[in-house]
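> model the structure of this input:
(2 chains)
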Amino acid sequence: MRRYRRLALFAIAMLGILPCMIGLFAHMPRFGEHPLPYGDAINLNGVRQRHVTNMVTAVNFDYRGVDTLGEEIMLIAATVGAVMLLRGSRGEELSARPGRAPGRPIAWRSTGQVLIARLMAPLILLFGLNIIIHPQLTPGGGFQGGVIVASAALLIWLGDGYRPWRRLMRSRPIEVAEAIGAAIYALCGFAPMVVGAAFLQNVLPLGKTGALISGGLILLINAGVGIAVACGFALLFIEFLQETRAEEEPDPEEREA
Amino acid sequence: MSVLLALLYVIVAGTGAGVVFSREPRRQVLAIAANGLALTLLFTALQAPDVAFSELVVGTAATPLLFVVVLASMRTDQKKESKHDVGGGGRPADSKGVSRCRPARLI
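The predicted model follows:
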């Protein structure tokens, strides 16, 4: 469509939409106002009810844990979809040729780059584990820490290249670990029903506020989410980065199989 | 609104404009990463550290990486192939008579 026709259509649409937008913006609360009764209620009661100090984690994994369970299943579905698409177009065998624009060279890695990647990868892994372990005390949680762990492994690819990284990340254990992580979450939902409570109700002892082990079921669910997210993202990275192999390079996993 | 917040809003607007106005995909990926970093700082200043963590890893590290990898498999210049230049792109069909599609032929 020509440019002036597009602009004419836009002008006609704006004629109808602009008055509505202006009316809407005039009725919105000012920046910094606080019309949040649910947040205030959580802030008031959360510490006493759940013995945690991070209200976001309390809402995510305890008060509204069912929503987070749905998100975990969504993540697994997205990972499975991406894996199916990429393997479907490339081929199931690990020796299938990667799609690559011809003539593109594999980038050469300088020594400084390799050194920095090798130094930073374990530190970032440690930091990611730190974020996963105590979500009820500090900001973070399973999802954030899981993605940090996955990107720490990615630094090895950045520094050392495809083959050492792929030799480190084996597909089969990572797939199993992701499934186990999601299963932990679902089982933590059903376990309270065994003792007569509701689905995903916090039945474990809550502990002392501020201690490392507090919050009851939140810690267990969080560990499951951390494992599932880290392995899910690692699988995603594996599938995408298999496209960056050299043209005739077989996947290193095939030889050890 | 404090000075820090106003400054961060201006920076986010700048990086957002950078994303919109980059025309080449490989440069736009770096603009997306810069936008993710600016948004992370904004979320931290607005006292939402959980969201800032998620935005940092997903918007600055993971998503630009996936874009870069996909772009490496694609041709983004508009070069048209001449008729006699097959260039190894015509793969023979395998035993079942199905030729596998290659993602590298998107122009």
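
> could you pull out the strands for chain B?
Ranges of strands in chain B, per DSSP state E: none exist.

> what about the helices in it?
Secondary structure of chain B by DSSP state H: the helices cover B:3-21, B:25-45, B:49-55, B:63-72.

> which of the residues in the second one are buried?
So that's helix B:25-45. B:28-29, B:31-44 (16 or more other CB atoms under 10 Å in any protein chain shown). For every residue, glycine as well, the C-beta is placed using N, CA and C.

> for the first one, same thing?
Counting neighbours by 16+ other CB under 10 Å, one finds that the buried residues in helix B:3-21 are B:8, B:11-12, B:15, B:18-19.

> closest to chain A among the residues you listed?
Each of the buried residues of helix B:3-21 was scored against chain A by CB to the nearest CB, and residue B:8 proved nearest at 13.6 Å.

> so what pLDDT did the closest residue to that closest one other than its chain neighbours get?
Excluding the flanking residues, the one nearest residue B:8 by CB to CB, 6 or more residues apart in numbering or on different chains is residue B:42, at 4.6 Å. Looking at residue B:42, its pLDDT reads 96.

> residues in contact with residue B:42?
Residue B:42 sits next to B:5, B:8-9, B:11-12 when contact means CB atoms under 8 Å, 6 or more residues apart in numbering or on different chains.

> which SSE is residue A:188 in?
helix A:171-194 (DSSP states H and E).

> an error on my part: the question was meant for residue A:129.
Counting by DSSP H and E, residue A:129 is part of helix A:111-133.

> report the next helix or strand after that helix in sequence order.
helix A:142-160.

> the residue nearest to residue A:225 when sequence neighbours are not counted - how many residues pack around it?
Take residue A:225 and drop its neighbours on the chain: the residue closest to it by CB to CB, 6+ apart is residue A:142, 3.0 Å away. Counted with other CB atoms under 10 Å in any protein chain shown, residues neighbouring residue A:142 total 29.

> can you get me the start-to-end distance on stretch A:206-217?
In stretch A:206-217, first residue to last residue: 8 Å (CA to CA, to the nearest Å).

> which positions in it come out as buried?
Those would be A:206-207, A:214-217, for stretch A:206-217 by 16+ other CB under 10 Å.

> reformat the residues you listed as TSV; add distance to chain B, pLDDT and secondary structure.
TSV is the format used below for those (distance: CB to the nearest CB, whole Å; pLDDT from 0 to 100; DSSP: H, G, I helix; E, B strand; the rest coil):
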residue	distance to chain B	pLDDT	secondary structure
A:206	21	84	coil
A:207	22	83	coil
A:214	18	85	coil
A:215	16	83	coil
A:216	20	84	coil
A:217	19	88	helix
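
> which one of these is nearest residue A:137?
Nearest to residue A:137, judged by CB to CB, of the buried residues of stretch A:206-217 is residue A:214 at 7.8 Å.

> before we move on, back to that, same list, the buried residues of helix B:3-21, but as JSON lines with pLDDT please.
As requested, the buried residues of helix B:3-21 are exported to JSON lines (pLDDT from 0 to 100):
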{"residue": "B:8", "pLDDT": "96"}
{"residue": "B:11", "pLDDT": "97"}
{"residue": "B:12", "pLDDT": "97"}
{"residue": "B:15", "pLDDT": "96"}
{"residue": "B:18", "pLDDT": "95"}
{"residue": "B:19", "pLDDT": "95"}
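
> okay but residue A:141 is in contact with residue A:135, surely?
Yes - the pair residue A:141 / residue A:135 is scored as a contact, 4.0 Å apart, by CB atoms under 8 Å.

> what sits in contact with each of the two?
A:54, A:57, A:61, A:222.

> now do the nearest residue to the last one once chain neighbours are set aside, the pLDDT please.
With CB to CB, 6+ apart as the criterion, residue A:222 has its nearest non-adjacent residue at 4.5 Å, and that residue is residue A:142. Note on residue A:142: pLDDT of 90.

> what do you get for residue B:83?
46.

> need the contact list for residue B:8.
Residue B:8 touches B:38, B:41-42, B:45, counting by CB under 8 Å, 6+ apart.
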